[in-house]
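J.: Just to be clear, the model below is a prediction. Sequence and coordinates:
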Amino acid sequence: FRFILTKGICKILKSTIPPLTPPAWSAIMTGKNPGKTGVYDWIIFNRRTRYIKIVSSLDIKSPKIWDFLSKKGMKSCIINLPLTYPAQPLNGYLVSGIPAHVGSRRKITYPPDLIKEIDDVVDGYEIIPNINLRIEGMEKEYYQEIRRVLIKRIEVFKYLYEKDTWHFFMPVIFLLDSIHHYYWHHIDERHPAYKPSLARKYSVLVRALYRIVDEFLGWLLKKSSEDHFDLIIVSDHGMGPLLGNFLINKFLINEGFLNITASSGPDSKGIFLFLRKMLNLPIFKSILRNKMTKQLIEFAFKLLPHTLKGKFTERGQDVLKASMILERMNPMQTCAYALGEFGQIYVEKKEIIPKLVNKLLKFFGKRGLKIDVFFGNDIYYGRYLNYAPDIVILIQDNMILPDITLDSGKRLFVPNALKAHHRIEGIFLAYGERIIEKLQDKRINIVSVYDITPTILSLLNIDIQTDFDGKSLVAEEKCLKKSKIEIVIDKIVWEVACKK
């Protein structure tokens, strides 16, 4: 990392609003905003039919980088990129990332038999480590799990890189996201949960995992020199401390915008949510520490049908929570409700938007908390705008996360076991003769996730005339104008800043 920071290009990478894995990676791989990709969250929600499901590769409505390259006869290798499950055909290889989960074995690679090959290479390929980030106090155990999967993943990266000559090679680490979510309070002295004694004990584990990634980056730098390719490193979002959750649907109920009918009794969704909640309890920690019981649980999980396995995942829980809200919601007496990981607000009666925003600003203003309010029609545009939420809020620079959980208690602010969550500011690093030559003299301080696809296509000398929302960073200076979506977002962020 130090070599690239001193010898290469280093910029801030602006993510999507909200800075969430599905819309951000979709933007990176297509160059387009959620209004054109149709991806806004971990869930796909059709507000007309009330149909809801986990997002997948089949839901991205725009061509990806490798689709353009495949048409030109160019080879791509994509490994562990989120939202590539189930694996779709391309000219090359693809190994899916999430939402494929621990129990996924079908349709996770293209060609399909590639999974057998990489299984042999690493004695069983693993998509994600089998860890529950909601259980606290498992730093040592989770370090071993993450380390094992990380080493296997990097072995597969190297194996597939050497297997062929690629025009485009895209390995995604992803595990750094899990590390930050779980260990952040051990590396950030400003975090309320920071304890020096624990930080001395566990921050070394974080550095050890980063060292493995850094060694792989050194390997890539060596290959870039030998094989003459440009290296671009991006994060789909940044990271920062998380202090807790705000129960957004509880707020909407209290303010009279959402009406929920009482539950008539336990149903299958409630049972699955209850079981998952039980798995988060401290008592489960001792069970996981027993190697035999842990193996028995993993074996039992493998025997479950694929659809049932999905319900126990974080993404499956998102769908179950959202489904329960929609089922219990009284549509005749509801004006607004929140769904998804970021508690994005959907408004049934548009005339109440000013009143709702006013209530939000007043509520947080009284408590000395900062809130940024964004409107779907302002930050998204395209054919799939009808899938967009009407309001997105970021609380205290995302230190407090909107949570859609229907809680029977009186509290609006509740703890979150995660110690960190996403920020809009990510990283963009680049190294290579061509990209340094083209970028080093350009006055570009901030790069957008929408710029990545146009830039890669330019570096490969492919001219695509399409409605990208980003720009090629290596194009001529006169071509570096901002797209409509970037101008709109910059204007909104500036206006919000001025009001504060």
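T.: It's in.

J.: give me the element Asn406 is part of.
T.: Small correction: residue 406 is Leu, not Asn. Leu406 belongs to no helix or strand when assigned by DSSP states H and E.

J.: okay but it is in contact with Ile325, surely?
T.: Yes - with contact defined as C-beta atoms under 8 Å, Leu406 counts as touching Ile325 (6.5 Å). In this view, the C-beta of every residue, glycine as well, is placed from N, C-alpha and C.

J.: Name the residue in the two with the higher neighbour count.
T.: Shown here are Leu406 and Ile325; by other C-beta atoms under 10 Å, Ile325 has more neighbours (20 against 17).

J.: Quick one: residues contacting that one.
T.: The contact partners of Ile325, taken as C-beta atoms under 8 Å, 6 or more residues apart in numbering, are Asn249, Ile260, Tyr337, Ala338, Leu339, Ile404, Leu406.

J.: between the residues you listed, which is nearest Pro171?
T.: The shortest approach to Pro171 among these belongs to Leu339, at 32.4 Å (C-beta to C-beta).

J.: Now list whatever residues contact both of Leu406 and Ile325.
T.: Common neighbours of Leu406 and Ile325 are listed as Asn249, Ile260 (criterion: C-beta under 8 Å, 6+ apart).

J.: Now do the buried residues in stretch 383-402.
T.: 384, 387-396, 398-402 (16 or more other C-beta atoms under 10 Å).

J.: Name the nearest of the residues you listed relative to Pro171.
T.: Closest to Pro171, out of all of those and judged by C-beta to C-beta, is Asn398, at 27.3 Å.

J.: Strands of the stretch 301-450 of the chain, start to end?
T.: Using DSSP state E, counting those that start in this stretch, the strands of the stretch 301-450 of the chain run over residues 336-339, 344-347, 371-375, 391-395, 400-403, 413-414, 420-423, 425-431, 446-448.

J.: Reformat these into TSV and put mean pLDDT and distance to Tyr93 next to each item.
T.: Shown next, in TSV, are these (pLDDT from 0 to 100; distance: least, C-beta to C-beta, whole Å):
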stretch	mean pLDDT	distance to Tyr93
strand 336-339	97	35
strand 344-347	97	35
strand 371-375	97	38
strand 391-395	97	36
strand 400-403	96	36
strand 413-414	95	43
strand 420-423	97	29
strand 425-431	95	24
strand 446-448	92	28
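
J.: Those strands into JSON lines, with extra columns for distance to Pro86?
T.: As requested, these are exported to JSON lines (distance: least, C-beta to C-beta, whole Å):
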{"stretch": "strand 336-339", "distance to Pro86": "24"}
{"stretch": "strand 344-347", "distance to Pro86": "26"}
{"stretch": "strand 371-375", "distance to Pro86": "32"}
{"stretch": "strand 391-395", "distance to Pro86": "29"}
{"stretch": "strand 400-403", "distance to Pro86": "29"}
{"stretch": "strand 413-414", "distance to Pro86": "35"}
{"stretch": "strand 420-423", "distance to Pro86": "25"}
{"stretch": "strand 425-431", "distance to Pro86": "27"}
{"stretch": "strand 446-448", "distance to Pro86": "29"}
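
J.: of all the ones you listed, which lies closest to Met170?
T.: strand 425-431 (14.3 Å).

J.: Now find how far off-centre that closest one is within its chain.
T.: On the basis of C-alpha atoms, centre = their mean, to the nearest Å, strand 425-431 sits 17 Å off its chain's mean C-alpha point.

J.: Tell me which strands it pairs with, and in which orientation.
T.: Strand 425-431 has its sheet partners listed here by DSSP bridges as strand 9-14 (antiparallel), strand 231-234 (antiparallel).

J.: Send over the shortest one as PDB, restricted to the C-alpha atoms.
T.: Meaning strand 231-234. The C-alpha trace of strand 231-234 is given here as PDB (Å, rounded to 0.1, in the frame of the first residue of the first chain):
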ATOM      1  CA  LEU A 231      -3.700  -1.700 -11.600                       C
ATOM      2  CA  ILE A 232      -6.700   0.100 -10.100                       C
ATOM      3  CA  ILE A 233      -7.800  -0.500  -6.500                       C
ATOM      4  CA  VAL A 234     -11.300   0.700  -5.400                       C
END
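
J.: still on that earlier bit, can I get the strands paired with strand 425-431 in TSV including mean pLDDT, distance to Arg2 and mean neighbour count?
T.: Below are the strands paired with strand 425-431 laid out as TSV (pLDDT from 0 to 100; distance: least, C-beta to C-beta, whole Å; neighbours: other C-beta atoms under 10 Å):
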stretch	mean pLDDT	distance to Arg2	mean neighbour count
strand 9-14	94	11	19
strand 231-234	96	13	19
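
J.: Please identify which of the ones you listed is closest to Ile379.
T.: Closest among the strands paired with strand 425-431, using C-beta to C-beta: strand 9-14, at 12.0 Å.

J.: Touching that closest one from outside, list them.
T.: With contacts defined as C-beta under 8 Å, 6+ apart, strand 9-14 is touched by 4, 234-235, 424-431, 435-436, 439-440, 444-449, 489.
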